[in-house]
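K.L.:
Starting from these lines, generate the structure:
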Amino acid sequence: MLARRILLSVPIFLVTYVLQESLFNQVRLPGGGFSIFLILTLVWAALSTPEVGAVTGFGAGFLMDISQNSDGPMGHWTLIMVAMCYGIAFLAYGDDRSRANPLTTVILVVSSVFISEVIFLLSGALLGVNLGSFGQILTTLIGMSVWTLIVTPLVLPVFTKIHAIAFDLSSQI
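P.N.:
Got it, this is the predicted structure:
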């Protein structure tokens, strides 16, 4: 069963990563835009067990590290995504009411995107990454959060359905 889940999950993440790199990163939206790959990863983690969330975070973080748009050192996004995905899975896994509530999932994903970006900026400053001015950082953080808040409810039913197919679940949001 585990092999089936992995074999179905890996292509989903790879296709979303390629779409993010080739299509969504080319679109310039005001305030920084959004990352459909980051949204998928966090939704996937919110719908999974903490262990699956951590593995998902590791794979997604590795892909984010090898992205040509990543400014941080290798392993920077991996560490952040393992912690964020485990955390969001841990928060959502214990309460079945929150897993069945799309509003809770949207709030978890949007807040996790904001927190992961803040952690990336703070740890990047410690590692010597050039961040830009405070105004640019604030605009990007607010812009990404707003765009994530707009996009997440639109893609949540699709990602939930894909997760249910990959994990062969009978309960869906």
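
K.L.:
Could you give the number of residues near Ile36?
P.N.:
Other residues near Ile36 number 20, with proximity taken as other CB atoms under 10 Å. C-beta: built from backbone N, CA, C; applies to glycine.

K.L.:
Name the next helix or strand following the one helix or strand in the chain whose mean pLDDT sits lowest along the chain.
P.N.:
The weakest-scoring helix or strand in the chain, judged by mean pLDDT, DSSP states H and E, is helix 96-99 (a mean of 68). Using DSSP states H and E, the helix or strand that directly follows helix 96-99 along the chain is helix 102-127.

K.L.:
Can you list the buried residues in that next one?
P.N.:
Buried residues in helix 102-127, counted by 16 or more other CB atoms under 10 Å: 104-106, 108-114, 116-117, 120-121, 124.

K.L.:
so which of the residues you listed comes closest to Ser35?
P.N.:
Using CB to CB, Val113 is the member of these that sits closest to Ser35, with 7.6 Å.

K.L.:
Now do the buried residues in stretch 42-59.
P.N.:
In stretch 42-59, counting by 16+ other CB under 10 Å, buried: 42-48, 50, 52-59.

K.L.:
Sort out which of the residues you listed are in helices and list them.
P.N.:
42-46, 50, 52-59 (DSSP state H).

K.L.:
Contacts only, for the residue positioned nearest the centre of the chain.
P.N.:
Among the residues of the chain, the one closest to the centroid is Leu38, at 2.7 Å (CA atoms, centre = their mean). Residues near Leu38 by CB atoms under 8 Å, 6 or more residues apart in numbering: Ala60, Met64, Val113, Ser116, Thr148.

K.L.:
again, only this time at 10 Å
P.N.:
When contacts are counted by CB atoms under 10 Å, 6 or more residues apart in numbering, Leu38 touches 16, 20, 60, 64, 77, 81, 84, 109, 112-113, 116-117, 144, 148.

K.L.:
I'd like the distance from Arg22 to Val82, if you could.
P.N.:
I think there's a mix-up here, since residue 22 is Ser and not Arg. 26 Å (CB to CB, to the nearest Å).

K.L.:
Other residues contacting stretch 11-22?
P.N.:
With CB under 10 Å, 6+ apart as the criterion, stretch 11-22 contacts 24-25, 34-41, 44, 56, 59-60, 63-64, 66-69, 155, 159, 162-163, 165-166.

K.L.:
Next, count neighbours for Leu14.
P.N.:
Using other CB under 10 Å, Leu14 has 12 other residues around it.

K.L.:
what's the distance between it and Val151?
P.N.:
Using CB to CB, Leu14 is found at 20 Å from Val151.

K.L.:
Perfect, I'm done here.
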